[in-house]
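*Asks:* the sequence and its predicted three-dimensional model are supplied below.
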Amino acid sequence: MGTTTEVAPRAPRRVWDWLLAPRDLAALVFFRVALGLMVAVSMARLLAFGWVDSLFARPAFHFTYWGFGWVHALPAPWLHAVFAAVGVLGVFLAVGLFYRLTVALLFVAFTYVQLVDVSNYLNHYYLVSLLLGLLFFIPAHGAFSVDAWRRPGLRRDWLPAWCTYLLRFQVAVVYVNAGLAKLTSDWLLHAQPLHIWLSARTSLPLVGPLLEQRWVAYGAAWAGFLFDTTIVAFMLVRRLRPFAYGAVLGFHAATSVLFPIGMFPVIMSTAALAFFEPSWPRRLVARLRALVTRRPRPEPLPVPESSGGGASPGWKGRMGLGVAVAYGLLQLLLPLRAHLYGGNVLWHEQGMRFSWRVMAREKNGSVTFVVRAPATGREWHVSPREYLTRLQEREMSVQPDLILQLAHRIARDFEARGLGPVEVRADARVSLNGRPAVLFVDPEVDLAREEEGVAPKRWILPAPESPPVRLRAHRAPGSSGFSWTQVAPHPPSASEAERNDSTSGNFGSRDCTVRLKAPVPLPWMMRTSSTPS
Amino acid sequence: MEHTRSHPRAARRTAGMLLLAVLTLLPACREGGTKPPVVVPGATARTELLGAAGACVLTTAREFQAAAVELDTAVAALAARPEARTREAARAAYHRAMEAWQVVEVMQVGPAARRALPGGADVRDNIYSWPLVSRCAVEEQLVSRGYESADFPTAPLVNRRGLFPLEYLLFHEGGDTACPASSPVVSGGGWAALSAEELAARKRAYAAVLAADVRRRAARLVEAWETDKGGFSRTLETAGTGNAVFPTTQAALNALSDALFYVETEVKDKKLAVPLGLRDCAGDTCPEALESPFTGRSKANLRANLVGLRRLTEGCGAGYAGTGFDDVLVAVGSETLATKLRERAVAAEAALAAIEEADLRDALDQDKASMRALYDAVKGVTDVLKTEFVTVLDLELPEGTDGDND
């Protein structure tokens, strides 16, 4: 992007000047070191906790990404070697050794690890892959690196501003989309699934008793939504930045304590530093050094002239800008693709991945594959456990494309055993955010004949229209002289009463069913009673 | 002043009447239980459940221990005086012990569970290792008289001891062997060399060793749970910060809910699906895969399993009174799910009762549809466990791998 040749027209020139304005390299160096260390620590955790075995090596069946069926899991010793190599490369990145090669290898190896099995998909590991990809184009080894120490020609104090902007854009995409993903009635009007999650963490010291309070869940839900959607704007305002970053640290510390989200809080807290002035590490070090040595702080670095110099970019610069814009558009549009499918993405999951829908739903399913040989009429029931680990089964049970992949595998297996061709149907029931479990996919559709792909899956049944489970509100012990108990009945399903085969035909059952079809009480119709505790 | 004070009273009276109305209406819709809804905070309910579940497992283990003592006594009497009366007494004692054990089967938490699990001590497999059983392995012991060895009780192979070999030894009177021709006991002629009397004598002696072993292990299980000994019930009840086994209440609840999944992995998938020919079965049905082949009590086992399930999900008292998972569901506000869970369990019991044949082997042969209906009813229970139950209580499925999330 730095190549310029001729004088550019005024408006484009301003853009180029803005993109190519020199910025202190220090923040990007800090980011390089931090990212390298985070990758190394992540790999160390995966190896130390035995997760490489349990998540990657042990499964006999791996779910592949559409178009990446050619990516296979290496056998166990090699797989461990890949994780160890990624960890070592993380250290290389941190110390800035063989930077370009290291970043390229890291990107490939880390992305390979993610591609091995869809059921291991995590938003924050996807983010790490993207950040590694971006680092390849950012020469963040110009200082505080072994490369710069070995080759003085590499040393520099400045990088064009686009390097910082690219990083900020990526972080902003994550936060804003994570916030928009919470723009649902479940999250904002029912505080679910947060209330479910928080209610299960009441044994935490100090805050535990508060966590099953409904107001806490609502407060946390709205705080999370407002934080994610607005934090980028606050971080961009210089005067508010320290306070906003305090909120970033508080938010991620809280989520780290409450939820098993591994490295995500650390990654995001580090990545959010991209919004500070690029020279913040240099100033911080200078301030600390002045404190220790009691000498005056050194003068700030003289700012060099913009490398743009008012000239128009050459073809390399234009191509670079084009690639950057294309990447940006992809990052903006990819999370929005879920809307093309209509319906509730948390239910049908089409467009769910790579969309930063972080911790947006609590969903569990029960799937049994019903295999039938049309030639003989023989029927078998296949439990996913025959193929999957429990973690894989949990993920598969709520993600239609994974159900389809396993159905295809089962069909192939039966045919290989000489029992085919067979039809494979799924008896899949799913509960979303505590709603009553309902059929997830059409049990009449032969999944063995359905194609994988990005086209809408017509065999996914509509999401339930009832609200999520409404957990009871309780006052924290000792918070007042009264204990409050919701006495209005739990709102029945807004759609229809559920048939209960065991009691059908029974008069009492019919009576209760009629009662279950009563109108759903509106929030202001809910009554509470207060009694001295 | 009086006027202003009357408002809260009126409000309380109205609220009280409303509460009364709701409480009187709710039980009418509950098919499976009669417990009045006692609403306590979710955290309190969770802790109460852990305490109640610990007491329940201990009570159930004591029931089994009493039956194991009786079994040991009866089998020792049979070994000492082999006659029809002592044989029948030993067989009756076996049935009672198995009846009690099948309730414990659904309570594989803590010491009964596998060592890899929190507080696990492998007690279960050493008492009853089904489906990891081998008639041939038992017959090899009969030939080698390995049961007389001093280290037999500590030998690692669980399919040579416990209730399954006991069932074979007490109930199978034939002189045939299940070992293949390649087995040393067949190819070496050891089995063929055993006279009918010698075989019967060895069976009695082996049974006596096993019954004594089961009695010891039952006592060990009870001690492990007793507050003044192993104290596992205390460990379960005090889950939370500072508890080395269950650092959180949720971890303890998870261990407890894991135990419930016995109904899925063993009852539905092994005890029913395989014999029904729905999986792992080459023929239309696989009666040989039924549990308890020598006593024909596979149906009774299932009934006891459902009792174990209901004790944990509803309560351990008479008529399933007491604290169970359903109380936690009510406490967190999910009465509908609590009711559904009870109804599904009752439906499974009803489906089991609807099978007219005393033995599922006969049901498979004569009334496969009723057994399939039982499978579907049990699936109705496991579907609820795997979906709404774990969702509302934010539980993990058993054998779930730890890992990051987002």
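*Replies:* Structure's in. What do you need? Small disclaimer: the values here were computed from a predicted structure and weren't measured.
*Asks:* can we go C-alpha only for contacts and neighbour counts from here?
*Replies:* Will do.
*Asks:* give the buried residues for stretch A:402-420.
*Replies:* By neighbour count on 16 or more other C-alpha atoms under 10 Å in any protein chain shown, the buried set for stretch A:402-420 is A:402-412, A:414, A:419-420.
*Asks:* swap that for stretch A:227-242, please
*Replies:* Of all the residues in stretch A:227-242, those buried under the rule 16+ other C-alpha under 10 Å are A:227-229, A:231-232, A:234-235, A:241.
*Asks:* over to stretch A:438-451?
*Replies:* Within stretch A:438-451, the residues scored as buried using 16+ other C-alpha under 10 Å are A:438-443, A:445-448.
*Asks:* and it, end to end?
*Replies:* By C-alpha to C-alpha, to the nearest Å, the extent of stretch A:438-451 from end to end equals 24 Å.
*Asks:* average pLDDT for it?
*Replies:* Mean per-residue pLDDT for stretch A:438-451: 97.
*Asks:* nearest residue to the middle of chain A?
*Replies:* Chain A has residue A:123 as the residue nearest its centroid, 2.6 Å off, counting by C-alpha atoms, centre = their mean.
*Asks:* list the contacts for that one?
*Replies:* Listed by C-alpha atoms under 8 Å, 6 or more residues apart in numbering or on different chains, the contact partners of residue A:123 are A:353-354, A:356-358, B:406.
*Asks:* now do 7 Å
*Replies:* Residue A:123 makes contact with A:354, A:356, A:358, B:406 under the criterion C-alpha atoms under 7 Å, 6 or more residues apart in numbering or on different chains.
*Asks:* state whether the first one is indeed within a strand.
*Replies:* This points to residue A:354. No: per DSSP: H, G, I helix; E, B strand; the rest coil, residue A:354 lies outside any strand segment and is coil.
*Asks:* I'd assumed residue A:335 was in contact with it.
*Replies:* Yes: contact criterion C-alpha atoms under 7 Å: residue A:354 and residue A:335 qualify, at 6.4 Å.
*Asks:* show me where the stretch 351-500 of chain A has its helices.
*Replies:* Here the stretch 351-500 of chain A has its helices, by DSSP state H, counting those that start in this stretch, at A:390-396, A:400-416.
*Asks:* ranking the ones you listed by mean pLDDT, which is last?
*Replies:* Minimum mean pLDDT among the helices of the stretch 351-500 of chain A: helix A:390-396, a mean of 94.
*Asks:* can you list the residues of the stretch 201-350 of chain B near chain A?
*Replies:* Counting by C-alpha under 7 Å from any C-alpha of the partner chain, the stretch 201-350 of chain B comes close to chain A at B:240, B:248-250, B:278-279, B:331-334, B:347.
*Asks:* quick one: which of those residues sit in strands?
*Replies:* When DSSP state E is applied, these are split such that none fall in strands.
*Asks:* which of the residues you listed sit farthest apart?
*Replies:* B:240 and B:278 (42.2 Å; C-alpha to C-alpha).
*Asks:* ok, and the helix or strand in chain B with the lowest average confidence?
*Replies:* helix B:2-25 (a mean of 44; mean pLDDT, DSSP states H and E).
*Asks:* what's the following helix or strand after that one?
*Replies:* helix B:42-80 (DSSP states H and E).
*Asks:* now that next one: mean pLDDT?
*Replies:* Taken as a whole, helix B:42-80 carries a mean pLDDT of 96.
*Asks:* so is it next to chain A?
*Replies:* Yes: against chain A, helix B:42-80 shows contacts by C-alpha under 7 Å from any C-alpha at residue B:43.
*Asks:* could you say what helices and strands whichever helix or strand comes after that helix packs with?
*Replies:* The helix or strand immediately downstream of helix B:42-80 is helix B:84-104, counting by DSSP H and E. Contact here means 3 or more C-alpha pairs under 7 Å, 6 or more residues apart in numbering or on different chains; DSSP states H and E; on that basis helix B:84-104 packs against helix B:42-80, helix B:298-313.
*Asks:* show me which residues of the first one are buried.
*Replies:* Counting neighbours by 16+ other C-alpha under 10 Å, one finds that the buried residues in helix B:42-80 are B:42-43, B:45-79.
*Asks:* now do the last one
*Replies:* Neighbour-count burial for helix B:298-313 flags B:298-313 (criterion: 16+ other C-alpha under 10 Å).
*Asks:* and what of stretch B:151-161?
*Replies:* By 16+ other C-alpha under 10 Å, the buried positions in stretch B:151-161 come out as B:152-153, B:158-161.
*Asks:* now swap in stretch A:281-293 and tell me
*Replies:* By 16+ other C-alpha under 10 Å, the buried positions in stretch A:281-293 come out as A:281-283, A:286-287.
*Asks:* could you find the closest non-adjacent residue to residue B:79?
*Replies:* Excluding the flanking residues, the one nearest residue B:79 by C-alpha to C-alpha, 6 or more residues apart in numbering or on different chains is residue B:204, at 5.2 Å.
*Asks:* pretty sure that neighbour sits against residue B:81.
*Replies:* No: under the criterion of C-alpha under 7 Å, residue B:204 is not in contact with residue B:81, lying 10.0 Å apart.
*Asks:* between the buried residues of stretch A:438-451, which is nearest chain B?
*Replies:* Using C-alpha to the nearest C-alpha, residue A:438 comes nearest to chain B of the buried residues of stretch A:438-451, at 9.4 Å.
*Asks:* so what's that closest one bridging to?
*Replies:* In this structure, residue A:438 bridges to residue A:430 when assessed by DSSP bridges.
*Asks:* is it true that it touches residue A:430?
*Replies:* Yes: contact criterion C-alpha under 7 Å: residue A:438 and residue A:430 qualify, at 5.6 Å.
*Asks:* low pLDDT regions in the stretch 51-200 of chain A?
*Replies:* Applying pLDDT under 70 to the stretch 51-200 of chain A flags no residue at all.
*Asks:* tell me the spacing between residue A:101 and chain B.
*Replies:* Residue A:101 is 29 Å from chain B, where distance means C-alpha to the nearest C-alpha, to the nearest Å.
*Asks:* three-state assignment of that residue?
*Replies:* helix.
*Asks:* find the closest residue to chain A in the stretch 151-300 of chain B.
*Replies:* Closest to chain A within the stretch 151-300 of chain B is residue B:278: 4.3 Å, counting by C-alpha to the nearest C-alpha.
*Asks:* that residue: how many residues sit nearby?
*Replies:* If you count neighbours by other C-alpha atoms under 10 Å in any protein chain shown, residue B:278 ends up with 24.
*Asks:* with adjacent residues omitted, what lies nearest to it?
*Replies:* Distance criterion C-alpha to C-alpha, 6+ apart; nearest residue to residue B:278, sequence neighbours excluded, is residue A:380 at 4.3 Å.
*Asks:* try residue B:168
*Replies:* Nearest to residue B:168 is residue B:294, by C-alpha to C-alpha, 6+ apart, at 6.2 Å.
*Asks:* now residue B:338
*Replies:* In space, residue B:338 is closest to residue B:326, 4.7 Å off (C-alpha to C-alpha, 6+ apart).
*Asks:* next: residue B:194.
*Replies:* What sits nearest to residue B:194 in space, not counting adjacent residues and going by C-alpha to C-alpha, 6+ apart, is residue B:143, at 7.7 Å.
*Asks:* element containing the one you found?
*Replies:* Going by DSSP H and E, residue B:143 is in helix B:135-144.
*Asks:* understood, closing this out.
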